[in-house]
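[1] Need a 3D model of the sequence below.
(one chain, ligands or ions: 1)
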Amino acid sequence: MQLKETSHIRSEEIQASGLESRKVGGLTYVRGTALFPISWLHTQEFCEYQIFLEHVRGIKVTPTRSLTEGKQEHQRLYDNFKKVAVPATFEEMLAESEKVRVISREFKVFDTRHGIYGRIDEVLLTPDGLVVIDDKPGMRVFLSSMQQVRGYCLAFKERARGLDYRNIIGALRERGTNNIYWQEPFTTAVEEGTVGLVNHIRSLITGAKEFGSADNPNKCRSCRFSAKCDRILV
Ligand code: SF4
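    Sure thing, here's the model as predicted:
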């Protein structure tokens, strides 16, 4: 099923918040609340200084080949999905999935409770549970990918709050395949850890905490900001 657009963000709802004065890029505003992209949970685990360089200092770098290919693949999968998808509201999808499996792709989430937003690659709704899937190249289980999908689970749980109480499972899938290579129930403990991480990033972007940087030179070697970073280790 394809989610009917529900215009979560209306221009009249976009207001300035305290975060704007720091001129942080990449944020979006819903009813006066600043939300940051869930992908920053991935970035933070690799090196949170990347967030500072790109979104506070405003440094522009060319997207990596992997990023560009990933976007193209997402678009291709979504275009194919749209050809067969039936538009439905979230409530209709939840009701239908009590009886049969329902798939939604590019599922948008705007979580004003935790201050995060993003687009989930795929949500699989089954009578037994709700699976939040993030597609990644390869099959290596990186903590950064786990943190990102946990962020999607957090925002998805918030979206379903008051509507559905089925268990939520976070999953990583090899891009372009049906191969789920990692999955984890979104338990209370996982949720608490994720909220802690979200709050940590929030305190970085408000300036309450200082940005740290990588302590592993190998990360700097493969970093797309290496030519412009004043904390590079190599
Ligand atoms: S060069 Fe190293 S310290 Fe600088 S942003 Fe990249 S990974 Fe972080």
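
[2] what secondary structure does residue 148 sit in?
    Judged by DSSP: H, G, I helix; E, B strand; the rest coil, the three-state class of residue 148 is helix.

[3] Assess the claim that it and residue 134 are in contact.
    Yes - using Cβ atoms under 8 Å as the test, residue 148 is close enough to residue 134 to be in contact (6.1 Å). For every residue, glycine as well, the C-beta is placed using N, CA and C.

[4] For the most centrally placed residue in the chain, which non-adjacent residue is closest in space?
    What sits nearest the mean C-alpha location of the chain, by Cα atoms, centre = their mean, is residue 38, with 3.2 Å. Among residues not flanking residue 38 along the chain, residue 118 sits closest, at 3.5 Å (Cβ to Cβ, 6 or more residues apart in numbering).

[5] Can you name the next helix or strand after the one helix or strand the one you found maps to?
    Following DSSP states H and E, the helix or strand that holds residue 118 is strand 116-126. In the C-terminal direction, the helix or strand that comes right after strand 116-126 (DSSP H and E) is strand 129-136.

[6] Do I have it right that residue 119 meets residue 108?
    Yes - with the criterion set as Cβ under 8 Å, residue 119 and residue 108 qualify as a contacting pair; they are 5.4 Å apart.

[7] quick revisit: which phi and psi does the residue nearest to the centre of the chain have?
    Recorded main-chain torsions at residue 38 are phi -60, psi -30, according to degrees, to the nearest 10.

[8] got the contact list for it?
    Neighbour list for residue 38: 109, 116, 117, 118, 148, 151, 152, 155 [criterion: Cβ atoms under 8 Å, 6 or more residues apart in numbering].

[9] number of nearby residues for the second one?
    Translated: residue 116. By the criterion of other Cβ atoms under 10 Å, residue 116 has 25 neighbours.

[10] How far does the one helix or strand residue 71 maps to sit from its chain's centre?
    With the criterion set as DSSP H and E, the secondary-structure element containing residue 71 is helix 65-84. Between the mean C-alpha point of helix 65-84 and the mean C-alpha point of its chain there is a distance of 16 Å (Cα atoms, centre = their mean, to the nearest Å).

[11] who touches that helix?
    The set of residues external to helix 65-84 that reach it, using Cβ under 8 Å, 6+ apart, is 2, 103, 105, 106, 121, 135, 137, 175, 176.

[12] how much space between residue 208 and residue 202?
    Between residue 208 and residue 202 the distance, using Cβ to Cβ, to the nearest Å, works out to 8 Å.

[13] Equivalent analysis for residue 215, please.
    When residue 215 is compared with residue 202 (using Cβ to Cβ), they lie 23 Å apart.
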